[in-house]
Each structure stands twice: as C-alpha cells, then as structure tokens.
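Student: Let's see this in three dimensions:
(one chain, ligands or ions: 1)
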Amino acid sequence: MREDSEGFRYPHIDLSVCIRCDLCEKVCPVIHPNPDSSDPRICLAAKSRNGLVREESTSGGVFTLLAADTIAKGGVVFGARFDDGFNVVHDYATTLDGVASFRSSKYVQSYIGDSFLRVRQFLKEGRPVLFSGTPCQVAGLRRFLRKPYSGLTTVDFICHGVPSPQIWRLYRDSVARKLGAPLTAVSFRQKNPGWRDYSVRFAAGDVVSLVSHREDPYMRGFLNHLYLRPSCADCPAKGFTSGSDVKIADYWGISRVAPDFDDDRGVSLVFIKDAASPALGLIRAGADTLDTPLEPIRRLNPSLYVSSAPAPRRDLFFKSVGRDSDVVSVIKKLTRDKTVVILKRYIGICLQTIGMKEKIKRVLRKGRG
Ligand SMILES: Cc1cc2nc3c(=O)[nH]c(=O)nc-3n(C[C@H](O)[C@H](O)[C@H](O)COP(=O)(O)OP(=O)(O)OC[C@H]3O[C@@H](n4cnc5c(N)ncnc54)[C@H](O)[C@@H]3O)c2cc1C
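Tutor: Alright, predicted model coming up:
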C-alpha cells in the first residue's frame, strides 16, 4: 500500500512476483457488490444505561454494549484507536480496557494494516470476533473472508466519508505547536456543552484546547468535504449494502421525533438486519430503546444513502497545502462562511457609499464656501 500525494493509501501490485491468481479482483467489493441491499428488520433509538460509557461514546454507546458481550465470551473486538503519535489505526482488543480506546469516532481514515488476516485467524481458532469499521471496511472484510463464519459479528456506521490521514497529521502537528507541547489526548466528540453542539478537545499535558465543532477548522473542512477520500464521492457501500449485522449512527433529529427520549447526552440510531440477531437482545438488555421508523432517517441523516460530493475547491485545497502553506489557514480560507463573506462585502459597499456621500457633501460645502 502506498500513500499518494493527498495522503490516501492505494494498493500497488509488484508484477514481478504476481502469480496472476486474480484473487484481488475476486474479493474486490467494488467489482462484486453485495446483491442484498434490503432494508433492516429493526430500527431503534438507543442509549446505554451505563452513564460513563455513554459519556465517552460518540452517541448512545451501543458499540460498547456489543463489544462487552464479545469480551465476556472470550472473544476479540476489532476497532479504530489512536496510536502513540495520534495516528488512527485498526487494532484488536481482548479486554474491556482495550475496547475503551476504540470508543468515540476518529474522523480520519484508519490504517487497516493486517486486521483482516488476524480476523480470519481468530475465527479459524473458533473465537468469537466483533469487527467494527466503516461500511467499506466491513464490505471488504466480508469479501476477503469468502465464506460466512458463525462466530463473526460486524458493526459499521452511517459514514459521511473518511478524511486524509496526511491532512490530519498536518493539523494535529499544528495544534501541538500552538499548545507548545506534544499532544496527550484528542477527542473529536467531546459532549461539551452537549451532544448536539459537541466540541473538539486537544490536550497537551495541562494545556487544553476545547473548540466547538462549528469553529474547529479540521471539523469544518471535514464537514465541507474538503479532504475526503475521492471514492467517498461515489461510495459503493451506501444504504445497507455493506452486509454488516448492525449499523449504528448518531440519531440526529431525535429531539423532534421523540423529545422525551432526548437528554442531549447522545442517542444512537441502530439498524439490525435480522430480527433474530443476538445483538437485538443485548441492546435491549443494556440500553433504553425506542422502536423508530426508517423512512424519516433518509431526511434526518442523508449520509445513510447519499455519498458526499467533493467540495468545489477540493483541488485548490490540495494544491495550496502542497505548496507548503499552513494547513489551518488554507482550511479557514476555503471554508469561510459564505453568508459572512457576503455580509462583509455588503457592509464594505455601504461604508464605501457613506464615505463617498460624505466626500461629496464636503466638496459641495467647500464649493458653497
Ligand atoms: C469517519 C466517520 C464518519 C461518520 N459519519 C457519520 C454520519 O455521517 N452520520 C452519523 O450518524 N454517524 C456518523 N459516524 C458514526 C458516529 O460518529 C458514531 O460512530 C456512531 O454513532 C457510533 O456511536 P456509539 O456511541 O455507539 O459508538 P462509539 O463508542 O463512539 O464507537 C465508535 C466506533 O466507531 C469505530 N471507529 C471510530 N473511528 C473510526 C474510523 N476512523 N474508522 C473506522 N472505525 C472507526 C470504533 O472502532 C468504534 O467501534 C461516522 C463515524 C466516522 C468514524
């Protein structure tokens, strides 16, 4: 796998050692999409009854409920965590402490490494495996395994797209420089002041930066599709095509759908393909749940079905960053709120007009004098 100039990894085949088995094409989920895109049987709003877990999770903490059961059965949980340098990597855990590092969304494409090989190894040893990842990672794993394993449960999420690891590295390093010390903690989804208006938190020892996601330049660039992987613009794993057993998401809009259920500390939206899945019992046992219709979700969480169109200035962004410009100022420049820009321009014109009027008045007064 080699990183391109935008910071995304792509496979390169060394033809001098390739034996032309075509296996890479046989297991490719883009060439062979999943024919089953049927809607899930179960659609729920859920919030874990464990307050601490819910606080540390992105939405309602459903992932940890499923992971805890796998660990209790002596199984292995795969997820994405930060490594020592705050790169996002896929890894596995066999303890609840290990699972804690997977909690909370990291808005960067994770380095999948040899996770698929390890999943297969654990399954062959007869250990239960819970694999959690993006819909395309789950679709890729299922094709890679080439046959169903009864011990495997897969969880993905509604995905907006994955940002470039290179842009994350540049941003992370620039925050560390600003804070004046190496980073010791990062959270993209601090529920402060609340789940809906979450903040991005960086800590470098005692020095902490807590910025609303609306103001944080990295989140603005991510939500404006400035540096998503190009394939996210035409995602082959939208809807329910990844084949995951469970799909989780933020239940945006719950305050309107079921106001009494919402306390602004995070509600998960959960889709379960098969009504007989053990996941349903686990979630009902460990979380407060509410059955909910699928139809309004199309409007409330469009990323379920719709790919993220690239920002019109995506190319300009990568060219500017490539020219050694400071990543923060480039993001700020290219994501400036259009209404603010128009308002500033309008105020400028008004001030200019007033200034001109004053000048004309002065000239007329002088003339009269
Ligand atoms: C890149 C990205 C885009 C997303 N886009 C949307 C969206 O458009 N709409 C929406 O409703 N929800 C989106 N989510 C999902 C959402 O943020 C929550 O992850 C989801 O609601 C689960 O919450 P939880 O409280 O149950 O789990 P948490 O405890 O928060 O668990 C998070 C799970 O996500 C996995 N994970 C975290 N980061 C990554 C990563 N970079 N790559 C692969 N897996 C990862 C972890 O391994 C863990 O299993 C996105 C998540 C990511 C990582």
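
Student: Confirm that Val211 sits in a helix.
Tutor: No. Assessed by DSSP: H, G, I helix; E, B strand; the rest coil, Val211 does not belong to a helix; its assignment is strand.

Student: how near is it to the ligand?
Tutor: For Val211, the distance to the ligand under the criterion Cβ to the nearest ligand atom, to the nearest Å works out to 18 Å. For the C-beta atoms, the positions are set from N, CA and C on the backbone; glycine is no exception.

Student: That residue bridge partners, please.
Tutor: Assessed by DSSP bridges, Val211 has beta-bridge partners Val200.

Student: can I assume it is in contact with Tyr198?
Tutor: No. Taking Cβ atoms under 8 Å as the definition, Val211 is not a contact partner of Tyr198, at 10.5 Å.

Student: Between those two, which is the more surrounded one?
Tutor: Shown here are Val211 and Tyr198; by other Cβ atoms under 10 Å, Tyr198 has more neighbours (22 against 16).

Student: tell me the contacts of the residue nearest the centre of the chain?
Tutor: Note on the chain: the residue nearest the mean C-alpha position is Tyr107, at 4.2 Å, using Cα atoms, centre = their mean. Residues counted as contacts of Tyr107 (Cβ atoms under 8 Å, 6 or more residues apart in numbering) are 162-163, 168, 188, 218-219, 222.

Student: try 7 Å this time
Tutor: Contact criterion Cβ atoms under 7 Å, 6 or more residues apart in numbering gives 163, 188, 222 as the residues in contact with Tyr107.

Student: go on, Ser277?
Tutor: The contact partners of Ser277, taken as Cβ under 7 Å, 6+ apart, are Asp245.

Student: Any idea what Val77 is bridged to?
Tutor: Bridge pairing for Val77 (DSSP bridges) gives the partners Ala93, Leu130.

Student: helix, strand or coil for the residue nearest to the centre of the chain?
Tutor: Counting by three-state DSSP, the backbone at Tyr107 sits in coil.

Student: and the next element down the chain from the helix or strand Arg220 falls within?
Tutor: The secondary structure element spanning Arg220 is helix 217-223 (assigned by DSSP states H and E). Per DSSP H and E, the first helix or strand lying C-terminal to helix 217-223 is strand 246-250.

Student: Describe which strands that next one pairs with in its sheet and in which direction.
Tutor: On the basis of DSSP bridges, the sheet neighbours of strand 246-250 come out as strand 152-157 (parallel), strand 268-272 (antiparallel).

Student: quick revisit: derive a PyMOL selection command for the buried subset of the contacts of Tyr107.
Tutor: Buried subset of these, written as a PyMOL selection, criterion 16 or more other Cβ atoms under 10 Å:
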select buried, resi 163+188+222
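
Student: coming back round to it: just the C-alpha atoms of the helix holding Arg220, please, in CSV.
Tutor: As requested, C-alpha coordinates have been extracted for helix 217-223 and formatted as CSV (Å, rounded to 0.1, in the frame of the first residue of the first chain):
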residue,chain,number,x,y,z
PRO,A,217,-11.0,24.3,11.3
TYR,A,218,-10.4,20.5,10.9
MET,A,219,-14.1,19.6,11.5
ARG,A,220,-15.2,22.5,9.2
GLY,A,221,-13.0,21.1,6.4
PHE,A,222,-14.3,17.5,7.1
LEU,A,223,-18.0,18.5,7.1
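
Student: Show me what that helix is packed against.
Tutor: helix 327-334 (3 or more Cβ pairs under 7 Å, 6 or more residues apart in numbering; DSSP states H and E).

Student: Pull out the buried residues from the helix it packs on.
Tutor: Per 16+ other Cβ under 10 Å, helix 327-334 contains these buried residues: 327-328, 330-331, 334.

Student: From those, pick the one nearest Val363.
Tutor: When these are compared for distance to Val363 (Cβ to Cβ), Leu334 wins out at 42.2 Å.

Student: How about that closest one, nearest residue that isn't a chain neighbour?
Tutor: Once flanking residues are discounted, Leu334 sits nearest to Arg313: 5.0 Å by Cβ to Cβ, 6 or more residues apart in numbering.

Student: if I pick whichever residue of the stretch 51-200 of the chain sits closest to the ligand, what's in contact with it?
Tutor: As assessed by Cβ to the nearest ligand atom, the ligand sits closest to Gly79 within the stretch 51-200 of the chain, at 2.7 Å. Listed by Cβ under 7 Å, 6+ apart, the contact set of Gly79 reads 102, 132.

Student: could you dump whichever strand or helix holds it to CSV, C-alpha only?
Tutor: When elements are assigned from DSSP H and E, Gly79 belongs to strand 76-82. Written as CSV, here are the backbone C-alpha positions of strand 76-82 (Å, rounded to 0.1, in the frame of the first residue of the first chain):
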residue,chain,number,x,y,z
VAL,A,76,-11.8,-10.5,20.2
VAL,A,77,-13.0,-7.0,19.3
PHE,A,78,-11.6,-5.0,16.3
GLY,A,79,-11.9,-1.2,16.1
ALA,A,80,-10.1,2.0,15.4
ARG,A,81,-7.9,3.7,18.0
PHE,A,82,-5.2,6.4,18.2
